[in-house]
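Engineer: need a structure here:
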Amino acid sequence: MTTSIKRCMLLALLGCATAQAQIYKCVTPNGSIEYTDINRGSYCKSMDLPGTVIPAPPRRQGTPARSGSVPAPASTPGDFPRVDSAEQRARDADRRGILEEELKNEAQRLAELRKAFNNGEPERRGDERNYAKYQERVAGMRDNIGRSEKNIEALKREIANIR
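Structural biologist: Numbers count the residues shown, from 1 in each chain. Prediction:
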């Protein structure tokens, strides 16, 4: 291992040393050197590295300490702007109208796609002398129909979720 690589590894470990309690330099019987935070036996020696302990982040006042890595549930701050119920009903009505318009357009598009698909046997075009090109176009049409059907289902779910 070159000297520059060893230095880089040592610098990286020194950066980690501020967060770790102890760093060990282990020289294995075959001569390789490893730096670790785990004492692996008699061939490891404790390194005395200068460093500081990283303090835990400060807790917000009035919040209890939580165990594990589960984040605290989000809550609305007291100074968050509120919308009155009449305004919210108007917004919901606008949203419903937009979604219903999108649903109507998507249903119309689906009807056109199904008509062109012709139950799996669309009319062959002049540029499709090769049967593989025809099959590729039919597969694309089938994908477009499936996508349109999923869009319609999603729009219906979204409309049902409006209060």
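Engineer: give me the mean pLDDT for stretch 146-155.
Structural biologist: Averaging pLDDT along stretch 146-155 yields 95.
Engineer: same check on stretch 92-105?
Structural biologist: Mean per-residue pLDDT for stretch 92-105: 94.
Engineer: list the buried ones in it?
Structural biologist: Of the residues in stretch 92-105, those buried by neighbour count under the rule 16 or more other Cβ atoms under 10 Å are 99, 102-103. Yep, even glycine has a C-beta here, placed from its N, CA and C like the rest.
Engineer: with stretch 131-140 instead?
Structural biologist: Applying a neighbour-count criterion of 16+ other Cβ under 10 Å, the buried positions in stretch 131-140 are 134, 138.
Engineer: how far is it from where the chain is centred?
Structural biologist: 34 Å (Cα atoms, centre = their mean, to the nearest Å).
Engineer: now stretch 83-93
Structural biologist: The chain centre lies 32 Å from the centre of stretch 83-93; the measure is Cα atoms, centre = their mean.
Engineer: neighbouring contacts of it?
Structural biologist: 162-163 (Cβ atoms under 8 Å, 6 or more residues apart in numbering).
Engineer: one more time with 10 Å, if that's ok
Structural biologist: For stretch 83-93, the external contacting residues (Cβ atoms under 10 Å, 6 or more residues apart in numbering) are 82, 162-163.
Engineer: could you point out which element follows the longest helix anywhere in the chain?
Structural biologist: Assignment by DSSP state H gives helix 85-117 as the longest helix of the chain. The C-terminal neighbour of helix 85-117 among helices and strands, as given by DSSP states H and E, is helix 131-161.
Engineer: against which helices or strands is that following helix packed?
Structural biologist: With contacts defined as 3 or more Cβ pairs under 10 Å, 6 or more residues apart in numbering; DSSP states H and E, helix 131-161 has these neighbours: helix 85-117.
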